[in-house]
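> just to be clear, the model below is a prediction. Sequence and coordinates:
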Amino acid sequence: MARASAKSVFFCQNCGYESAKWMGQCPACREWNSFAEEKITPARTSGAGKAGAKKVRQPVRIKDVSMDETLRIGTGIGEFDRVLGGGIVHGALMLIGGDPGIGKSTLLLQTCRNLAASGKQVLYISGEESPQQIRMRAERIGTMPDTLYLLCETDLEAVREVIEKNRPDICVVDSVQTMFSADVTSAPGSVSQVREATSTLMMLAKTQGVSIFIVGHVTKDGTVAGPRVLEHMVDTVLYFEGDRQASYRILRAAKNRFGSTNEIGVFEMRGSGLAEVPNPSEYMLNGKPEGASGSIVACTVEGTRPVLVEVQALVCRTSFGMPRRTAAGTDYNRVNLLMAVLEKRCGLHLSDSDAYVNIAGGMRLSEPAIDLGIVLAIVSSSRNQPIGERVLAFGEVGLSGEVRAVSQAEQRVSEAKKLGFETVILPKANMRSFGKAEGIRLCPVDNIKQAMDLLGTL
Ligand code: TYD
Ligand code: MG
């Protein structure tokens, strides 16, 4: 009896926290009622021992390691390559997370098609859909090359055999939650199953030199379901996000052993699959109203790319004692703070007004460089004074109402120029890095009061 209980462990199904006994609340992620009992069989450890005993590796000089294997494979999708850090690394294990229906399978099928068309052997393993369903999706995307193979399988052992036998260059496992190993007694999708599947795939990727993509479902709070453990087992973690209503999608790296994590890839879901959006600014500014008050264009930097977005504010008299404030696409507390600064430093009376701030296009921004845009949109709406069409503002706002310098001011200004903006309101402290800007008018400001005074003249 005692022996049997020694072999069973409780896992939090939300974050993967391991415990010897059942608990009502997970001490790590604070989720209630998330513990489930899972049997740990010794087969797994002996399996790892066997693999280790097969071949004892010898240390090599680091300068003797050949570089060929680290050459990257282009996916044929520029935005995807950018997020991966320049392409797929040989033998890498990459996790793609995202809400259901966001387009993970579509993106990977398109990638597989491109890779197969460039002569790679590609294997797409699906545990979720039947071959017919995948064929139907493939029909929308386009013609499929001969070197793209499909396998509908959920048994991990079978998957391992197929990969070892066929040794494809690239392999996709859609999704890791459907993979099932008979060595582990718990249900598919549980922490031990997902962990087993990932470690098996990791081993295959490293020993066979196959680059493997795995798809992971996310929970309602946006993390890869259960297995946070997954995130540190794999080389790269990508999240595919976006508004279900809006047609654009953003691919972001949360972890990347082979590149930077601050690049984003922007896509648009069309009738024939995902299309790249090479110039997100143009896309985000689509449909900007003309001559409306409470609207201004701000500039944020995502990775190495400046992106222009429209910041909208609506300020109106509150009909209740307690004013209502909302912030969509930006931090609610930041908006409250900026309104307090406006009230205290500029004497703008906002305490009896409702205020709604929105970043049009549905993008979520957290960079402080959009502060000045938010402030000016609020001022414009409360004075009911439209801001000129071709005006852009960026800068961080401090608690005493000062406008502080932001990074990459030159890139921001040149992006504004590229899209036909005529005036840029920017922090004075940033002016030092400019020689002379041609073809665009720069209005440096020290504090928000100066920026507000400028509004009437633009
Ligand atoms: P899918 O790739 O199945 O999502 P996931 O694997 O992340 O769950 O994406 C499905 C959604 O995308 C679905 O709602 C239909 C839509 N879609 C298009 O709009 N156009 C297309 O060409 C394809 C293939 C899908
Ligand atoms: Mg899918």
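That came through, no problem. Ligands and ions are numbered 1, 2, ... in the order given.
> run through the helices of the stretch 1-150 of the chain in chain order.
Secondary structure of the stretch 1-150 of the chain (DSSP state H, counting those that start in this stretch): helices at 2-6, 43-54, 78-84, 104-117, 131-141.
> give me the phi and psi for Lys418.
Per-residue torsions, Lys418: phi -60, psi -40 (degrees, to the nearest 10).
> so how far is ligand 1 from it?
Taking Cβ to the nearest ligand atom, to the nearest Å as the measure, Lys418 falls 30 Å from ligand 1. Every C-beta, even on glycine, is put in place using the N, C-alpha and C of the backbone.
> what's the pLDDT at that residue?
Looking at Lys418, its pLDDT reads 89.
> tally of neighbours for it?
13 (other Cβ atoms under 10 Å).
> who's in contact with Gly329?
Shown in contact with Gly329 (Cβ atoms under 8 Å, 6 or more residues apart in numbering): Asn358, Ile359, Gly361, Gly362, Met363, Arg364, Leu365.
> pretty sure the fourth one sits against Ser247.
No: Gly362 sits out of contact with Ser247 when judged by Cβ atoms under 8 Å, with a separation of 9.8 Å.
> residues touching the nearest residue to Leu148 once chain neighbours are set aside, list them.
The spatially closest residue to Leu148, leaving aside those adjacent along the chain, is Ala116, at 3.8 Å (Cβ to Cβ, 6 or more residues apart in numbering). Taking Cβ under 8 Å, 6+ apart, we find Ala116 in contact with Val122, Met144, Pro145, Asp146, Thr147, Leu148.
> which residues sit in contact with the fourth one?
Under the criterion of Cβ under 8 Å, 6+ apart, the contact partners of Asp146 comprise Ala116.
> next: Lys104.
Residues counted as contacts of Lys104 (Cβ under 8 Å, 6+ apart) are Ile96, Gly97, Gly98, Asp174, Val215, Phe240.
> which stretches of the stretch 1-150 of the chain have low pLDDT?
Along the stretch 1-150 of the chain, the parts satisfying pLDDT under 70 run over 1-6, 41-55, 67-70.
> and it, which residues reach ligand 1?
Residues of the stretch 1-150 of the chain found near ligand 1 (Cβ under 6 Å from any ligand atom) are Gly98, Pro100, Gly101, Ile102, Gly103, Lys104, Ser105, Thr106, Arg137, Arg140.
> pretty sure the fifth one contacts Arg249?
Yes: at 5.7 Å, Gly103 counts as touching Arg249 under the criterion of Cβ under 8 Å.
> intersection of neighbour lists for these two?
Common neighbours of Gly103 and Arg249 (Cβ under 8 Å, 6+ apart) are Phe240, Phe267, Met269, Leu274.
> quick one, strands of the stretch 201-350 of the chain?
211-217, 236-241, 248-256, 264-270, 273-276, 295-302, 305-317, 325-328 (DSSP state E, counting those that start in this stretch).
> mean neighbour count for those strands - can I get that in CSV?
Below are those laid out as CSV (neighbours: other Cβ atoms under 10 Å):
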stretch, mean neighbour count
strand 211-217, 25
strand 236-241, 22
strand 248-256, 20
strand 264-270, 19
strand 273-276, 18
strand 295-302, 25
strand 305-317, 21
strand 325-328, 16
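> reformat those strands as CSV; add mean pLDDT and distance to Thr154.
Shown next, in CSV, are the strands of the stretch 201-350 of the chain (pLDDT from 0 to 100; distance: least, Cβ to Cβ, whole Å):
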stretch, mean pLDDT, distance to Thr154
strand 211-217, 92, 13
strand 236-241, 89, 22
strand 248-256, 88, 26
strand 264-270, 90, 27
strand 273-276, 92, 25
strand 295-302, 93, 37
strand 305-317, 93, 39
strand 325-328, 93, 40
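> want to throw these into a markdown table with distance to Asn286?
Shown next, in a markdown table, are these (distance: least, Cβ to Cβ, whole Å):
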| stretch | distance to Asn286 |
| --- | --- |
| strand 211-217 | 30 |
| strand 236-241 | 20 |
| strand 248-256 | 10 |
| strand 264-270 | 11 |
| strand 273-276 | 15 |
| strand 295-302 | 12 |
| strand 305-317 | 9 |
| strand 325-328 | 18 |
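> got those strands as TSV, with distance to ligand 1 columns?
Shown next, in TSV, are the strands of the stretch 201-350 of the chain (distance: least, Cβ to the nearest ligand atom, whole Å):
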stretch	distance to ligand 1
strand 211-217	7
strand 236-241	7
strand 248-256	9
strand 264-270	5
strand 273-276	4
strand 295-302	22
strand 305-317	23
strand 325-328	23
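> any idea which of those strands gets closest to Val379?
Among the strands of the stretch 201-350 of the chain, strand 305-317 comes nearest to Val379, with 8.5 Å by Cβ to Cβ.
> perfect, that will be all.
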